[in-house]
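Visitor: For reference, the sequence and a predicted model appear below.
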Amino acid sequence: TGFTGATAVQFGGTAAASYVVNSATQITAVSPVDSGAVTVSVTTTGGTGTSAGTFTFLPAPTVTGLAPTSGPATGGTSVVITGTGFTGATAVKFGATAAASYVVNSATQITAVSAAESGSVTVSVTTPNGNGTSAGTFTFVPAPTVTGLAPTSGPASGGTSVVITGTGFTGATAVQFGGTAAASYVVNSATQITAVSPVDSGAVTVSVTTTGGTGTSAGTFTFLPAPTVTGLAPTSGPATGGTSVVITGTGFTGATAVKFGATAAASYVVNSATQITAVSAAESGSVTVSVTTPNGNGTSAGTFTFVPAPTVTGLAPTSGPASGGTSVVITGTGFTGAT
């Protein structure tokens, strides 16, 4: 009451930013900048009247922590925001972009889900009492890209060192060949990884996973099977070597060795991916035949037999008519298949 001709309105010891005397019983005042809970007073020529109750200045929210501080540029990261004054929050933003969603857990914690964005940005919380912005930043990590593989093939048995080039490799958490994890990998830089291929088969894409997502190669890495040896023709020859043997099978391209047992062929020619013509060296016994390529080693199921030259150790009788006709018993070794 008694507001007519009011000369001052104060919130605590601070003058109102402005005020209008609506009537002898009502004033509309705009609060100044202040803090805490204060009484409100009205001064007229008749004196000063002070409220029994208080007006409370509510501080703007503050943002003191973010966990985690990074996530995929595609969004979807659940971020716990800590601070003060979050009650009644009306907006949460990552940079200029509104959070995909948020829940006010308490006056000191909000859980927000990031939307798609890029770069490192501050996080802000808005309430009816103002806006609070984080001192630190949340970083939107782009998904990696895989632009190159060298080499693009290797043995199905694994063990090939492959240089993967691309972008965004920092902090890579997985490298896969198809659906199989690399045997091992080293992040050389943000644009290069050296990975060792696992055991696998076929032509597969190569992927790199980071906190920003997964990038997959446009091209493929091919797992090349070891050679197989399915046939030998002929299957025997002199122990002195020199037999031309046609070896049939698969995966012979780029053959680096042909062996009869433990002995290297005297020579060989790769006729095609399925045929090699090899010349036997001197050897003995029955041995398997193997073909080696950069992709492994294949060994025949059957054997090649080195046939020793015959020996003649005895004659009985040791003489007969010049006209021939004498039956002579010849003794020795290796007479089977005498021609």
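Guide: Noted; the coordinates are in hand. Residues are numbered from 1 along each chain as shown.
Visitor: So, low pLDDT: which residues of this protein?
Guide: In the predicted model of the chain, no residue satisfies pLDDT under 70.
Visitor: can you give me the helices in it?
Guide: When assigned using DSSP state H, the chain turns out to have no helices.
Visitor: Mind listing residues that contact stretch 196-205?
Guide: Stretch 196-205 has contacts (C-beta atoms under 8 Å, 6 or more residues apart in numbering) with 154, 156-162, 177-185, 216-223, 225. Yep, even glycine has a C-beta here, placed from its N, CA and C like the rest.
Visitor: Over to stretch 106-121?
Guide: Applying C-beta under 8 Å, 6+ apart, the external contacts of stretch 106-121 come out as 71, 73-87, 89, 92, 94-105, 123, 125, 137-140, 142.
Visitor: One more pass at 7 Å, please.
Guide: For stretch 106-121, contacts defined as C-beta atoms under 7 Å, 6 or more residues apart in numbering pick out 71, 73-87, 89, 92, 94-95, 97-105, 125, 137-140, 142.
Visitor: Show the buried residues in these.
Guide: For the contacts of stretch 106-121, a burial check counting by 16 or more other C-beta atoms under 10 Å picks out 71, 73-75, 77, 79, 81-83, 85-86, 89, 92, 94-95, 99-100, 102, 104, 125, 137-140, 142.
Visitor: Return the subset of those residues lying in strands.
Guide: If you go by DSSP state E, these have 71, 79, 81-83, 92, 94, 102, 104, 125, 138-140 in strands.
Visitor: Widest-spaced pair of those residues?
Guide: Farthest pair in those (C-beta to C-beta) is 104 and 139. Separation: 24.1 Å.
Visitor: Tell me, how many residues neighbour residue 179?
Guide: By other C-beta atoms under 10 Å, the residues close to residue 179 number 9.
Visitor: any idea how far residue 231 lies from residue 286?
Guide: Distance, residue 231 to residue 286, using C-beta to C-beta, to the nearest Å: 16 Å.
Visitor: likewise residue 275?
Guide: 22 Å.
Visitor: Check the separation of the first and last residues in stretch 3-16.
Guide: End-to-end distance of stretch 3-16: 15 Å, with C-alpha to C-alpha, to the nearest Å as the criterion.
Visitor: starting at the chain centroid, how far to it?
Guide: 68 Å (C-alpha atoms, centre = their mean, to the nearest Å).
Visitor: ok, now stretch 106-118?
Guide: 28 Å.
Visitor: Span of that stretch from start to end?
Guide: End-to-end distance of stretch 106-118 (C-alpha to C-alpha): 28 Å.
Visitor: got the buried residues for that stretch?
Guide: Using 16+ other C-beta under 10 Å as the test for burial, stretch 106-118 gives 108, 110, 112, 113, 114, 115, 117.
Visitor: With distance to residue 190 added, can I get the residues you listed in CSV?
Guide: Formatted as CSV, the buried residues of stretch 106-118 follow (distance: C-beta to C-beta, whole Å):
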residue, distance to residue 190
108, 37
110, 32
112, 28
113, 27
114, 22
115, 25
117, 20
